[in-house]
Structures are given as structure tokens and as C-alpha cells.
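Visitor: Predicted structure and sequence below. I'll ask about it afterward.
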Amino acid sequence: MRPSRLLLLIAGLIALASLALVVLPGAPAEVIPAVWAALGLAVLADAVLTPGRRRFILEAPATREMFVGDAATLDFRLAATKGTGRGPGSSVVRIAWPAGLAGPPQFVLHPGGHVSSAQVTVEARRRGDFALGEAAVMRRSRLRLLDIVAAYPCPTRLVVVPNVRAITSGEIDVQIATEAFGSRAALVRGEGSEFHQLRDFVAGMDSRTIDYKRSARHGALVAREMRAEKNHNIVLALDNGHLMREEIAGLAKIDHMINAALALGWAGIQGGDLVGLYAFDARPRLYLPPNGGRRAFAQLRARAAGLSYRAIETNHTLAMTHLGQRLSRRCLVVVFSDFVDTTTAELLVENVAVLNRHHVMVFVSIRDPLLAGYRHRAAGNLGDVAGAVAAAGLERERRLVLERLARLGVFVVDTDPGGITARLVSTYLTIKARELI
């Protein structure tokens, strides 16, 4: 409880009393104490007439799951209990949002009968399990002389998980269906290494597909129809070092990478392949062996969501060597990582090249729109010119490293955050169609 309009009244009374002593020096001395006594009685009556903290209940959402990078609307209500004569009126709520959630520091509950309510928009900027704990509610007293401040327990718990909207919306399934039933499948069918079925030989088909033994048995020419082999191993290797904590488009790089990795994992599982997860920074942190089926994707998503935000430098040599020892057969290894310049990327390139001798390698990085923005920014002073030159140098070094990886036979996916998922899935489908695994 704290004074609100009471301070203004006290200041006004002090000013009036001082003026009265100057203008009316002969006024009765009992008037001023009587005025102060009346004010004290008004404050006491206001405190008695105002319903206490227990007369109201703060209603808030319980557990809510959110995608990282998305915003959710939370409904808060301050409701009067039975027997309370009136509602709480207009109230102000203050919540200390945990790091990783972005919401208004305070908001107003608008009155409506015996309930005051408000809708609050909260943005999830990091993965994690966040509990709000409690909320401080400030409401006016009956005579509006005091502000009643009380802490109410807030049961809201927000679980922020990787963004799999591309999967839930069916976008990835459409790409897989195009591969399975569209024009690309028509080109691949008959050129794969796995037997699919026998069919009648017709004009225009490759004569090398004729199965002469079965043709003699059936008394007509039949051909073998092949298809691309399935059950390949795909390993998603996530760099979780300090460079991946840099924010691009409102999210840390590691979150963009995890979202794209899960989309690729779903595409691989839907395509009949086995998908595993590998996370590393200064040393290997997590290895989930390749597995198939929707249950495997649920485990993949849970383990990826549990990756913490680390602030240590990545050791690519140790990470790639350890991964190479783990892999016993030819795999598609997708490395999600980043670098600053050619010097720091030297070890990364060397170790990716070693793995590329026995496996199919895909290197995924995110292009920073800030660097490209310097080229289109008008230079107003020497500082802007220096910034543009430095950004151009970083872009040139980055391009040299990516071109070097491409010359080694590594598939490179380097694009803006918004296009990384589509490019990555398309690259996977191309590799699978060419039967490179």
C-alpha cells in the first residue's frame, strides 16, 4: 500500500495552512488540526473500504508451448471472489520477464464487471523452459487516495521449442511428394541401384534393363525397374560454439540452424532414411545414432531443443575427428557451422576435406544481411566508408572459403535465414536423386 492522490492532498493542505497563517493570522488554531484529523479519517476509511488482496485472484495461462522466434498472446484476468462487492477496476500489472522472453514491462487490466482483463503479446527469442513466478498488481483504493500493490502467484510456464512450422504446415511433405511422384522421380526411376519391380518392355526404354531370363519364362520382353536406394545414414552436425550465439533477424544463429536441421531430419525420415544428431563446441557434446521413423524424429527434436547456448570457441579438429570415428559406413554429413575469416576457417576446411573423402558433405552457413546492407548504404562520412570497406573485405574472404569448399566437392548452402530450409531440403533431394550416398 502506498499513497497516490494522498500526496497531492497533503501538499495542498500544507499550502493552504501556510496561506491561512499569513492572510488570516487571527483564525482559530483548532481548524488546522481538525482538517488533518479529517484527512486521517478519510485515509483510514479508504483502507477499510478497499477490498484486500485475498478478495481477488489473478488468472493467467498455465503451460504454453511456443516456437522460438514466434509471438504468443497471453490472457491475464484479475477476478473478484464471491462476496466481493465490486470488481478490481483498472489495474496495472508488472512482470519480470525471464531472459529469452520479450514482453511489456507493465500493462493495464481494463475493467469489465467483476473482472479486469488484458491480452499481452510475448515474443520468444530463445529456447528454454521459462516460469514467470509471480506478478505485481497495482490497483486504486475505493476513494483513490492509495495504491494497493500486491504480489500474486503467476502459474504461466512457457516452453520455447525449435520452430518446426515448415513441417507442421506441410511444406516439407510437399517437397518430398514432388520427389516421390513428380517429374524428378520419373527421371530417377529406372536409374537407381535398388530393384523395384518388373514391367513390360516398351519402345523407348533402355535395352540394358531387359531381364532375359524372366522374359524367356513369360514369353514376352520384361524389363527391370530400379529406384533410388533408401535407408541411408544422415548425420546433422551442429556447431554450438560462441559464434553461433550471434543474433541474425532476431534469433541466434544456432536457432536458425536447429530449425533447418529439424526440417531436413523430417525430410530424411519421410524419404525412408535414417537421421542422427551430433552437437559440438570445444569438444563433442551429443551424439544420437541415426534412426528412422516418427519416434526417432520426436527424439531428435527433444535433444535439439535441449542444446544450451554456449560461449566457448569451437574446436573443429576434435569435433570432426570424433565424428569420423563414430561413422562406420558412408553417410550424408551436414555440418551447420560458421566462421569469421579465412584464418579461423582454415582448420574447418581441412577437417571437412578429410571427412569428404569417405562421406558426402554438406556445409551450411547463414549469410549476414548486415554485411550486404553496407553496400547499399549511403556513405556520409569517413566512418561509413571504413565500415563499407571492412564489410566488403569480410564478404570477399567468406566467398573465398565457400568456393574452396565447393572445389573440394562439398555441397555449400549459404543463404539468408529465411531461405535456408528450402535450399537445404532441395540440396538433400538432389543428392539423393543422384545417388551420391
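Guide: Cool, got the structure. Numbers count the residues shown, from 1 in each chain.

Visitor: To what extent is Lys82 buried, counted in neighbours?
Guide: 6 (other CB atoms under 10 Å). Quick note: C-beta positions are derived from backbone N, CA and C, even for glycine.

Visitor: the helices in this protein, which residues?
Guide: For the chain, applying DSSP state H gives helices covering 5-23, 31-49, 165-168, 171-181, 183-188, 212-218, 253-270, 294-305, 316-326, 342-356, 369-375, 382-407, 420-433.

Visitor: can you list those in CSV and add mean neighbour count, distance to Arg55 and mean pLDDT?
Guide: Listed next are these as CSV, based on neighbours: other CB atoms under 10 Å; distance: least, CB to CB, whole Å; pLDDT from 0 to 100:
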stretch, mean neighbour count, distance to Arg55, mean pLDDT
helix 5-23, 12, 22, 60
helix 31-49, 13, 12, 64
helix 165-168, 16, 43, 87
helix 171-181, 16, 50, 70
helix 183-188, 12, 67, 46
helix 212-218, 11, 86, 80
helix 253-270, 26, 43, 93
helix 294-305, 16, 41, 92
helix 316-326, 17, 59, 93
helix 342-356, 17, 62, 87
helix 369-375, 13, 53, 71
helix 382-407, 14, 59, 82
helix 420-433, 20, 51, 89
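
Visitor: Redo the ones you listed as JSON lines? Include distance to Pro105.
Guide: Below are these laid out as JSON lines (distance: least, CB to CB, whole Å):
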{"stretch": "helix 5-23", "distance to Pro105": "24"}
{"stretch": "helix 31-49", "distance to Pro105": "28"}
{"stretch": "helix 165-168", "distance to Pro105": "29"}
{"stretch": "helix 171-181", "distance to Pro105": "36"}
{"stretch": "helix 183-188", "distance to Pro105": "52"}
{"stretch": "helix 212-218", "distance to Pro105": "76"}
{"stretch": "helix 253-270", "distance to Pro105": "24"}
{"stretch": "helix 294-305", "distance to Pro105": "28"}
{"stretch": "helix 316-326", "distance to Pro105": "41"}
{"stretch": "helix 342-356", "distance to Pro105": "39"}
{"stretch": "helix 369-375", "distance to Pro105": "28"}
{"stretch": "helix 382-407", "distance to Pro105": "33"}
{"stretch": "helix 420-433", "distance to Pro105": "33"}
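
Visitor: for the ones you listed, which one sits closest to Val137?
Guide: Nearest to Val137 among the helices of the chain is helix 31-49 (17.2 Å), distances taken as CB to CB.

Visitor: ok so, going back, ok, which of the helices of the chain comes nearest Asn231?
Guide: With CB to CB as the criterion, Asn231 lies closest to helix 253-270 of the helices of the chain, at 10.6 Å.

Visitor: now for that closest one, which elements pack on it?
Guide: Contacts defined by 3 or more CB pairs under 8 Å, 6 or more residues apart in numbering; DSSP states H and E place helix 253-270 against helix 165-168, helix 171-181, strand 233-239, strand 274-280, helix 294-305, strand 331-336, strand 360-366, helix 420-433.

Visitor: what is the rounded mean pLDDT of the third one?
Guide: Taken as a whole, strand 233-239 has an average pLDDT of 95.
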